[in-house]
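# predicted model follows, preceded by the sequence.
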Amino acid sequence: MDNYTVEFRIYGVGLDTDEISQILGLTPSTIQQEGEKRDRNTEFRQSMWGYGKTTGNGLLQWQSLEDGIQDLLLDLLPLKSQLLNCSKESQFIFWCGHFHDTFGSGPMLSNHLLVAVSNLRASIEISTYYDDGAKGK
């Protein structure tokens, strides 16, 4: 069975994550600051502000990627003008985790959803992970 996590991310050099939260009136699920340690040897080269629906264990998991993205769009589309004005140099991405226990599976996205994502100047990035624990969820 496939499960998905979805987070809308804004990336940018010099991005003010506190200002993004204030402008949008949304609480971020993830913040990374430019220059912070990514691991022992590297640092983040740009800041990132991420918004996703969370549970006590991290991002909410969806059985349909379309449903996960659509749920975030319900919160983000009314804020389109604020988003597009918050930083001209920013990159918008719907980051999606795809957790699966079989090969040959994957998401299908409707043209309506892709148009809505495009209207926010956003891209979709799908990172795929094999997960034995995905069976029966």
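In hand now; what should we look at?
# switch to C-alpha atoms for all contacts and neighbour counts from now on
OK.
# by residue count, what's the longest helix in the chain?
Taking DSSP state H as the criterion, the chain has its longest helix at helix 65-76.
# what's that helix packed up against?
Here helix 65-76 touches strand 3-12, helix 111-119, going by 3 or more Cα pairs under 8 Å, 6 or more residues apart in numbering; DSSP states H and E.
# so which bits of the shortest one are buried?
So that's helix 111-119. V117 (16 or more other Cα atoms under 10 Å).
# okay, whichever helix or strand comes after it in CSV with CA atoms only?
For helix 111-119, the following helix or strand on the C-terminal side (DSSP states H and E) is strand 122-130. Presented in CSV, the C-alpha positions along strand 122-130 are these (Å, rounded to 0.1, in the frame of the first residue of the first chain):
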residue,chain,number,x,y,z
ALA,A,122,5.1,25.8,-7.6
SER,A,123,6.8,22.6,-8.6
ILE,A,124,6.2,19.1,-7.3
GLU,A,125,9.1,17.0,-6.0
ILE,A,126,8.4,13.3,-5.2
SER,A,127,11.0,11.5,-3.1
THR,A,128,10.4,7.7,-3.1
TYR,A,129,11.1,5.4,-0.1
TYR,A,130,10.7,1.7,0.2
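# ok, which of the helices and strands packed on helix 65-76 comes nearest C86?
strand 3-12 (9.9 Å; Cα to Cα).
# please enumerate residues in contact with the closest one?
With contact meaning Cα atoms under 8 Å, 6 or more residues apart in numbering, strand 3-12 is reached by 46-53, 59-65, 68-69, 72, 89-100, 134.
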